[in-house]
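1. sequence and predicted structure are below.
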Amino acid sequence: MQPSAKLGFILLLTPLLLWLALLIFIPHVDMFLVSLRERVGVGKYDTSLANYRTFFTEPLYLWTFLRTAVMSVVATMITLIIAFPVSYYIAKIARGRLQSALFLLCLIPFYVSELVRTFGWMILLRETGLVSNLLQWAGLADQPVEMLYNDAAIMVGLVYTSMLFMMVPLVTTLESLDDSVIEAGYDLGGTGFSVLREIVIPHAAPGIVSGCIVVFMLSLGNYLTPTMLGGKDSLWFTELIYSQFIVRFNWELGAAFGFMLLLLSSLIVWGMLKITGQTLEKTMG
Amino acid sequence: MPSDLIPDLECTQLTKRFDDATAVDNVGFDVPPGSFFSILGPSGCGKTTIMRMIAGFLDPSSGDIRIKGKSMRGVPPNKRPVNMVFQHLALFPMMNIAENIGYGLRRQRMAKPKITRKVDEALERIGLPGIGTRRTDELSGGQKQRVAIARCMVLEPDVLLLDEPLGALDLKLREHMKVELKSLQAAFDTTFVYITHDQSEALVMSDQIAVMNQGVFEQVGSARDLYYRPKSAFVAGFVGDANRWQGRITAVDGDRMQVQTDSGLTLRGARHGRALATGDRAEIFVRPEAIRIAHSSTDLEQFDNRITGTVSSLLFNGAASRILVREAEGKEEIEVTLPQSGEFAALSKGDAVHIGWSGDQGNCFAAGNA
């Protein structure tokens, strides 16, 4: 490489390297070190696995951890099930202006912040909210109905927040499927279901997996939606981390929690890739 | 009617109207079993619409399609005994070759070992044994072509539809595949319906060709009929090359006639039974290869059209080389095929030549309908 070209390459790479090193790598290393500290006295620390031990011996922590994982997986599945037909319609059935209009409609909710969107759900679902009033007016309920502060409300909020991140990769991969391949599937005797199973889904697999990874990570790491829509019984793991860091000033335990969350999401993403036979390069490239 | 007399494919008064346009207008034809039928026409003439109606992807506005005597109205594409080779082949990229060919058999819920055997047989038949485990993108254009045909043929359809499948191939391979398609058709002994805008594909392969223009069939016949006895000015102009002139008929004598072209030439032609009378406007078509070229006018005495002129350009194209001859009064340029005997190899621009052709070769049509 020419010296000047080499300099250019280094200059172009510097922002990325600074970003990775300063905002990702160094904080994580530091957090890992913090998580291995055990406070034995005022200002005195030992290196031990005590924080991780606390995590595994306290049922509330472990329970919340597993609940968060399972609910994130469920939220991802529900998002996929709702987003797939919508994406298929936008990518393969709608044409021209309708296609872009529909895609824009899916995008519009993201023009307002997540906080405002979540407040929107609260207005709809609370005891004195629209849905409750509607049910009473229709005679289906004889008193105000509270629909907030439970797992279902969290699920609604998570799916709603994640929808676009599932749709973008799905629409992109489905659009790249040649119409005549689908027609060939029918022409050679396939039914709607077998064409979907043998042709459409295998083709869309990279999009499905990359959408699922993004949605799963967003759900797992979401703080706002579970806090606002979930009640006292619907704890989310990020709330525990927050309370360790901010409320209880127990950075050591908070850091350990953070690391467990990182480990969990990596493990589930890896498992997802293994099960579907996809690679990270294929789904992200 | 005995079963072998029932046409494999029969279309009656087939019409397809889109919102404001009629894509296919009252077309009727039938295809006898085991024959190679082509629909030839320029793009936008409605040939793809016909094919999609036969395959079941479009519903006809009126008329009927019968396959082996059974009406196909209301039958979905996956229940029809026809299969289609798509323009870009549409092999399933998510499956390997064996899975591609076995796809239709799996849909018929055939037992696995039987599928494997049939797929192997099909691969053998298309001359590509042992490629079953390869991916579709590892094949060459010609191999993909054959796999696409095999994928349909394992289902033993009554009719195989081919939608310009050679369009994406390069010239040499296309020439090769023409011959190969014809022999595959003979080997599978299945009725092929082939649509194309490339006249040489249609002429080389077909038993019967329908020339289509603006939603109607202009003429249905053998390649030879279309080439030598076109029934309309459109067919004369579309199939093969031709010199064409417009003019007024000055004399009619039985089948023979005389035309005074607008540029002032007097040409003799034939009306081949068409209703043309003295004084009518007419168009006359003469094929470049029907014109004889000679160094002296005495060689051309047997012809009733004789023109003297000079070579205005040489269009060298190997076996299909032509010259343009400007006639003596300089009004017209006539395209003439150069004989390959070497006699005119030394011909160069500006040389004087004599050309002539028999009036029988000049096809006349009433002007204004092409």
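-> All right, it came through fine.

2. run a quick neighbour tally on B:Val24.
-> When neighbours are counted by other C-beta atoms under 10 Å in any protein chain shown, B:Val24 registers 27. Where C-beta positions appear, they are placed from N, C-alpha and C, glycine not excepted.

3. same check on A:Tyr160?
-> Neighbourhood size, A:Tyr160 [other C-beta under 10 Å]: 19.

4. am I right that it is in a helix?
-> Yes - the assignment for A:Tyr160 is a helix, going by DSSP: H, G, I helix; E, B strand; the rest coil.

5. from chain B, how far out is it?
-> 32 Å (C-beta to the nearest C-beta, to the nearest Å).

6. how about A:Gly254?
-> From A:Gly254 to chain B the distance is 45 Å (C-beta to the nearest C-beta).

7. who's in contact with that residue?
-> A:Ile241, A:Gln244, A:Phe245 (C-beta atoms under 8 Å, 6 or more residues apart in numbering or on different chains).

8. what sits closest to B:Gly273 if chain neighbours are left out?
-> B:Asp255 (7.1 Å; C-beta to C-beta, 6 or more residues apart in numbering or on different chains).

9. tell me, how many residues neighbour the residue nearest to B:Met94 when sequence neighbours are not counted?
-> Among residues not flanking B:Met94 along the chain, A:Pro202 sits closest, at 3.8 Å (C-beta to C-beta, 6+ apart). For A:Pro202, the neighbour count with other C-beta under 10 Å is 16.

10. so A:Pro202 is in which element?
-> Element membership for A:Pro202, per DSSP states H and E: helix A:201-220.

11. now do the very next helix or strand once past that helix: distance to the chain's middle.
-> The helix or strand immediately downstream of helix A:201-220 is helix A:224-229, counting by DSSP H and E. Helix A:224-229 sits 14 Å away from the centroid of its parent chain (C-alpha atoms, centre = their mean, to the nearest Å).

12. show me what counts as buried in the helix or strand just after helix A:224-229.
-> The helix or strand immediately downstream of helix A:224-229 is helix A:237-242, counting by DSSP H and E. For helix A:237-242, the neighbour count (16 or more other C-beta atoms under 10 Å in any protein chain shown) marks A:Phe237, A:Thr238, A:Glu239, A:Leu240, A:Ile241 as buried.

13. quick check: the gap between the residue lying closest to the first one once chain neighbours are set aside and chain B.
-> Sequence neighbours aside, A:Thr68 is the residue nearest to A:Phe237 in space, at 3.9 Å (criterion: C-beta to C-beta, 6+ apart). Distance check for A:Thr68 against chain B: by C-beta to the nearest C-beta, it reads 34 Å.

14. per-residue pLDDT, A:Thr68?
-> pLDDT for A:Thr68: 93.

15. and it, how many residues sit next to it?
-> Residues near A:Thr68, counting by other C-beta under 10 Å: 23.

16. now it: which helix or strand?
-> helix A:59-88.

17. distance from that helix to the middle of the chain?
-> 8 Å.

18. which strands or helices does it pack on?
-> The helices and strands touching helix A:59-88, judged by 3 or more C-beta pairs under 8 Å, 6 or more residues apart in numbering or on different chains; DSSP states H and E, are helix A:50-57, helix A:151-175, helix A:201-220, helix A:237-242, helix A:251-276.

19. could you dump the buried residues of helix A:237-242 to JSON lines with distance to B:Ala187 and pLDDT?
-> Formatted as JSON lines, the buried residues of helix A:237-242 follow (distance: C-beta to C-beta, whole Å; pLDDT from 0 to 100):
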{"residue": "A:Phe237", "distance to B:Ala187": "66", "pLDDT": "89"}
{"residue": "A:Thr238", "distance to B:Ala187": "67", "pLDDT": "90"}
{"residue": "A:Glu239", "distance to B:Ala187": "71", "pLDDT": "90"}
{"residue": "A:Leu240", "distance to B:Ala187": "72", "pLDDT": "88"}
{"residue": "A:Ile241", "distance to B:Ala187": "70", "pLDDT": "90"}
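
20. now these as JSON lines including distance to B:Leu58?
-> Shown next, in JSON lines, are the buried residues of helix A:237-242 (distance: C-beta to C-beta, whole Å):
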{"residue": "A:Phe237", "distance to B:Leu58": "55"}
{"residue": "A:Thr238", "distance to B:Leu58": "54"}
{"residue": "A:Glu239", "distance to B:Leu58": "57"}
{"residue": "A:Leu240", "distance to B:Leu58": "60"}
{"residue": "A:Ile241", "distance to B:Leu58": "59"}
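
21. hmm, A:Leu148 and A:Ser132 touching each other?
-> No - using C-beta atoms under 8 Å, A:Ser132 is not in contact with A:Leu148, being 9.9 Å away.

22. shared neighbours of the two, which are they?
-> With contacts defined as C-beta under 8 Å, 6+ apart, the residues shared by A:Ser132 and A:Leu148 are A:Leu125, A:Arg126.

23. what residues are up against B:Lys118?
-> If a contact means C-beta under 8 Å, 6+ apart, then B:Lys118 has B:Gly102, B:Leu105, B:Met110, B:Val154 as its contacts.

24. next up, phi/psi of the third one, please.
-> So that's B:Met110. When read as degrees, to the nearest 10, the backbone of B:Met110 gives phi -80, psi 150.

25. if I look at the residue sitting nearest the centre point of chain A, how far off is A:Met166?
-> With distances taken as C-alpha atoms, centre = their mean, A:Leu218 lies nearest the centre of chain A, 2.5 Å away. As judged by C-beta to C-beta, to the nearest Å, A:Leu218 and A:Met166 stand 10 Å apart.

26. B:Ala21 too?
-> Taking C-beta to C-beta, one finds B:Ala21 at 40 Å from A:Met166.

27. those two: who's more crowded?
-> A:Met166 (27 against 9).

28. and that one, what is it in contact with?
-> Contacts of A:Met166 by C-beta under 8 Å, 6+ apart are A:Thr79, A:Leu80, A:Ala83, A:Ser87, A:Gly211, A:Cys212, A:Val214, A:Val215.

29. try 7 Å this time
-> A:Thr79, A:Leu80, A:Ala83, A:Gly211, A:Val215 (C-beta atoms under 7 Å, 6 or more residues apart in numbering or on different chains).

30. which one of these sits closest to A:Leu267?
-> A:Val215 (16.7 Å; C-beta to C-beta).

31. for the closest one, the count of nearby residues, please.
-> 27.

32. spatially nearest residue to it (excluding sequence neighbours)?
-> A:Ser162 (4.2 Å).

33. what's near enough to touch the one you found?
-> Applying C-beta under 7 Å, 6+ apart, we find A:Ser162 in contact with A:Ala75, A:Thr79, A:Val215, A:Leu218, A:Ser219.

34. would you quantify the distance from the first one to B:Thr15?
-> With the distance defined as C-beta to C-beta, A:Ala75 ends up 52 Å from B:Thr15.

35. work out for me the element B:Ile284 sits within.
-> Using DSSP H and E, B:Ile284 falls within strand B:281-286.

36. show me how far the helix or strand following that strand is from its chain's centre.
-> Once the chain leaves strand B:281-286, the next helix or strand it forms, by DSSP H and E, is strand B:292-294. Relative to its parent chain, strand B:292-294 has a centroid offset of 29 Å by C-alpha atoms, centre = their mean.

37. so which residues on chain B come close to chain A?
-> Residues of chain B that fall close to chain A, judged by C-beta under 7 Å from any C-beta of the partner chain: B:55, B:57, B:77-78, B:83-84, B:86, B:88, B:90, B:92, B:94, B:103-104, B:107-108, B:151, B:155.

38. apply 6 Å and report the result again.
-> For chain B, the residues in contact with chain A (C-beta under 6 Å from any C-beta of the partner chain) are B:Ala55, B:Pro77, B:Asn78, B:Asn83, B:Met84, B:Phe86, B:Ala90, B:Phe92, B:Met94, B:Tyr103, B:Gly104, B:Arg107.

39. ok, so what distance separates B:Ser321 from chain A?
-> From B:Ser321 to chain A the distance is 39 Å (C-beta to the nearest C-beta).
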